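# Got a predicted structure plus its sequence, pasted below:
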Amino acid sequence: MGVVTSDAFDVDAFLAQPLTARLATNGPTVRPLWFLWEDGAFWVLTGPWTRLFDRVKDDPKVSLVVDECDLASGRVRQVVARGTAELVPFDVPRGRRKLTRYLGADETRWDDRFLRYLYDDPARRGTVWLRLTPRSLRALDLSYSVG
């Protein structure tokens, strides 16, 4: 994987934040989603109930963007990844890590639809991971001084 950076920042720390990514598939179709950055890959929950699942099965080439733009501080950073997505078996520990980063550690406060990912049988439900191990990853810090 080639990593291109401009005014380098800690990409792993940036991607550890609960930010929303946008994933583009063939079509083109772009969708916002939650992700987990772990083991050099982006992990996204999906399954046969989504169009994403079928689109990736038909054409696994994808692009993904995670960015932030804070006008008050002038912080503007982005990570752009490209590669071939894989649909791989779902595992509950990784699922819990992903959901905890967005919903917090107290599962009693989670909406039932998120709990079902962890407690339903993934094989029966069809839950899988979309794993994107980037072929290329570009990180840019375009921040500016305010006032």
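That came through, no problem. Residues are numbered from 1 along each chain as shown.

# most centrally placed residue in the protein?
Phe35 (2.6 Å; Cα atoms, centre = their mean).

# Could you double-check that that residue sits in contact with Leu45?
No: applying Cβ atoms under 8 Å, one finds Phe35 not in contact with Leu45, separated by 9.1 Å. Quick note: C-beta positions are derived from backbone N, CA and C, even for glycine.

# Tell me where this structure has strands.
Chain-ordered strands for the chain, with DSSP state E as the definition, fall at 2-6, 21-25, 29-33, 36-38, 41-46, 61-70, 75-89, 128-132, 136-141.

# now those in a markdown table, with mean pLDDT, distance to Gly104 and mean neighbour count?
As requested, these are arranged in a markdown table below (pLDDT from 0 to 100; distance: least, Cβ to Cβ, whole Å; neighbours: other Cβ atoms under 10 Å):
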| stretch | mean pLDDT | distance to Gly104 | mean neighbour count |
| --- | --- | --- | --- |
| strand 2-6 | 49 | 31 | 11 |
| strand 21-25 | 89 | 19 | 19 |
| strand 29-33 | 92 | 19 | 12 |
| strand 36-38 | 97 | 15 | 20 |
| strand 41-46 | 97 | 17 | 23 |
| strand 61-70 | 94 | 20 | 17 |
| strand 75-89 | 95 | 24 | 17 |
| strand 128-132 | 97 | 22 | 23 |
| strand 136-141 | 93 | 27 | 17 |
